[in-house]
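Engineer: Sequence plus predicted model, see below.
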Amino acid sequence: QALVASAPIRTDREERVCGDGQRHIFTSQACPLRWDDEPAVVAVLWETTALDEAQRQVERSGEEAARRAAELQTVLEAIPDALMLFDLEGRIAAANSAAARLLGFTPEEHHLTLRERWSIFAMEDVEGRRLTPDDLPAARALAGAVVQNLEMRMHRIEHPQARPLWVSASAAPLRDSRGNLRGAVATYTDISRLHELHQEREDLFRMVTHDLRAPLAAILLHAQLLARRPEKPEVARSKAESIRGSAERMEAMIAELAELVRLESGRVAPERVPVEVTGTIKELLLRLGESITVERVRVEGGSVRAHTDPASFERVLVNLLTIALKYSPADEPVAVRVHRSGEHVAVTVADHGPGIDPEDQCHIFDRFYRRARDARSEGLGLGLYITRMLVSQMGGRIELESTPGEGSSFTVILPAAPDPVGHHAPSVGA
């Protein structure tokens, strides 16, 4: 073939059974040339049986490694907790999907060392102390230690206001068959909700031991004074009024707690029906005439209808009006504005009070939250939390706009209800 083609010919993996009865593999190459002015061929033949077997072994090893890697990844994905493997520098060598969802490390951040990653993420212990790079679970595992159930809080340093992530971390070193350290493995369990429940329990304990005991102590004190001075009717009336006021405050706190439990249980569903909003507000103010200073409330807006639960809607209005009247100067009105915008109805309660500081605005709807200036005031810090829950159950949302020194506006946005046949709602701004 080389002579005919006048070109080199190479043959690879040519199998032959040789005299020993075994299969052998050869490679040959023939090159045409001239010898004594005649056509000739120089040929080279060499055996590649061992090389072929080595190649096959490499292929089998590669297939086995790929199979084991796929099995490992399957196992990793089946673990509900975040799991990561680290190399000796603390770089993330592998991670499951749960780790990506929980910890949010970008692909670029996988290549960072532990110290480089520490400069991006703040990690604190339960006492609020920031962990050093050497205190991190993976670092301790790379130092040969086993870490179990270390609770810590994590958040990106560039987003200090973001909701922190609480995790329970465990880590252990990875060693080869000779005992040499090859890396570390760490798991992270999301315990944020558990930590929130613990905080709620602490808040509830504080509330029971302080906020409810304060009016109870007043009741006991005035009752003792009544027992000592029964001969003075004016004193008796004064103390009786104090006892009644303290008992009413306790009743209001207990009612808020009961409503909180009812709402969070999810067992009570609101009954949403079409409600004429402006008329409902005016009717409510007539019924509240003896309990709040309704003459300061100005209702603005035409007839619009919302799809909502009447009882829950009235509860929301009472909460917002009580807050607005409480914080507004006695000679300033409180405005209730009603208007429809597209498929929604907005009810805004605006006051001219001191306003809410920006650092408080992001927490104003949190459970048991009270601003620093209200720390000594009565109440559990549940009013706006319950208000937000009621609005959410009615299929709406509540928004806050506030400027310190100028006042606050709470806007409840609810689904609009169709107008009765033959009636046309006024357009916005009409």
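Structural biologist: Yep, it's here. These numbers come from a predicted model, not from an experiment.
Engineer: hey, let's count contacts and neighbours off CA atoms from now on
Structural biologist: OK.
Engineer: residue nearest the centroid of the chain?
Structural biologist: Arg163 (6.1 Å; C-alpha atoms, centre = their mean).
Engineer: Skipping adjacent residues, who's closest to it in space?
Structural biologist: The shortest distance from Arg163 to any non-neighbouring residue, by C-alpha to C-alpha, 6 or more residues apart in numbering, is to His155 (7.7 Å).
Engineer: The one you found against Arg130, yeah?
Structural biologist: No: counting by C-alpha atoms under 8 Å, His155 does not reach Arg130; the two are 11.2 Å apart.
Engineer: who touches both of those two?
Structural biologist: By C-alpha atoms under 8 Å, 6 or more residues apart in numbering, His155 and Arg130 have these common neighbours: 122-123.
Engineer: If you count surrounding residues, which of these two has more?
Structural biologist: Between His155 and Arg130, His155 has the larger neighbour count (other C-alpha atoms under 10 Å), namely 19 against 15.
Engineer: Return the set of residues that bridge with that one.
Structural biologist: Counting by DSSP bridges, His155 forms beta bridges with Ala122.
Engineer: before we move on, what about Trp46?
Structural biologist: Beta-bridge partners recorded for Trp46 (DSSP bridges): Thr27.
Engineer: which residues touch it?
Structural biologist: Neighbouring residues of Trp46 by C-alpha under 8 Å, 6+ apart: 26-28.
Engineer: CSV for those, including distance to Thr308, pLDDT and neighbour count?
Structural biologist: Formatted as CSV, the entries for those read as follows, by distance: C-alpha to C-alpha, whole Å; pLDDT from 0 to 100; neighbours: other C-alpha atoms under 10 Å:
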residue, distance to Thr308, pLDDT, neighbour count
Phe26, 87, 89, 16
Thr27, 86, 89, 16
Ser28, 89, 88, 15
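Engineer: Show me which of those is closest to Ala335.
Structural biologist: Thr27 (96.4 Å; C-alpha to C-alpha).
Engineer: Make sure the closest one is actually in contact with Leu51.
Structural biologist: No: assessed by C-alpha under 8 Å, Thr27 is found out of contact with Leu51, at 10.9 Å.
Engineer: mind checking how far Arg117 is from His111?
Structural biologist: The gap separating Arg117 from His111 is 9 Å, by C-alpha to C-alpha, to the nearest Å.
Engineer: now swap in Ile157 and tell me
Structural biologist: The gap separating Ile157 from His111 is 19 Å, by C-alpha to C-alpha.
Engineer: go on, Asn96?
Structural biologist: 16 Å.
Engineer: How many residues are close by Glu63?
Structural biologist: Neighbour number of Glu63 under other C-alpha under 10 Å is 12.
Engineer: Same check on Gly21?
Structural biologist: With other C-alpha under 10 Å as criterion, Gly21 counts 8.
Engineer: if I look at it, how far off is Phe105?
Structural biologist: Note on Gly21: its distance to Phe105, by C-alpha to C-alpha, is 60 Å.
Engineer: Same check on Trp166?
Structural biologist: Counting by C-alpha to C-alpha, the gap from Trp166 to Phe105 is 16 Å.
Engineer: Could you check which of those two has the larger neighbour count?
Structural biologist: Set Trp166 next to Phe105 and count neighbours by other C-alpha under 10 Å: Trp166 wins out with 24 against 14.
Engineer: what are the bridge partners for the more buried one, then?
Structural biologist: Bridge pairing for Trp166 - DSSP bridges - gives Arg153.
Engineer: can you tell me which residues contact it?
Structural biologist: 151-154, 190-192, 195.
Engineer: Kindly recompute the last result at 6 Å.
Structural biologist: 152-153, 191-192 (C-alpha atoms under 6 Å, 6 or more residues apart in numbering).
Engineer: out of those, who has the most neighbours?
Structural biologist: Neighbour counts for the contacts of Trp166, by other C-alpha under 10 Å, peak at Met152, which reaches 23 neighbours.
Engineer: now Gly395, what's its secondary structure?
Structural biologist: coil (DSSP: H, G, I helix; E, B strand; the rest coil).
Engineer: ok, it - how many residues close by?
Structural biologist: Other residues close to Gly395 by other C-alpha under 10 Å number 16.
Engineer: Among the contacts of Trp46, which one lies nearest to Ile281?
Structural biologist: Thr27 (97.0 Å).
Engineer: Asp12 is in contact with the closest one, correct?
Structural biologist: Yes: Thr27 is in contact with Asp12 according to C-alpha atoms under 6 Å; the separation is 4.6 Å.
Engineer: wait, Ile219 sits on Arg244?
Structural biologist: No: at 8.1 Å, Ile219 does not count as touching Arg244 under the criterion of C-alpha under 6 Å.
Engineer: Between these two, which has more neighbouring residues?
Structural biologist: The neighbour count for Ile219 versus Arg244, taken as other C-alpha under 10 Å, is higher for Ile219 (19 against 13).
Engineer: coming back round to it: okay, Asn96 and His111: which has more neighbours?
Structural biologist: Taking neighbours as other C-alpha under 10 Å, Asn96 and His111 compare with Asn96 leading, 20 against 15.
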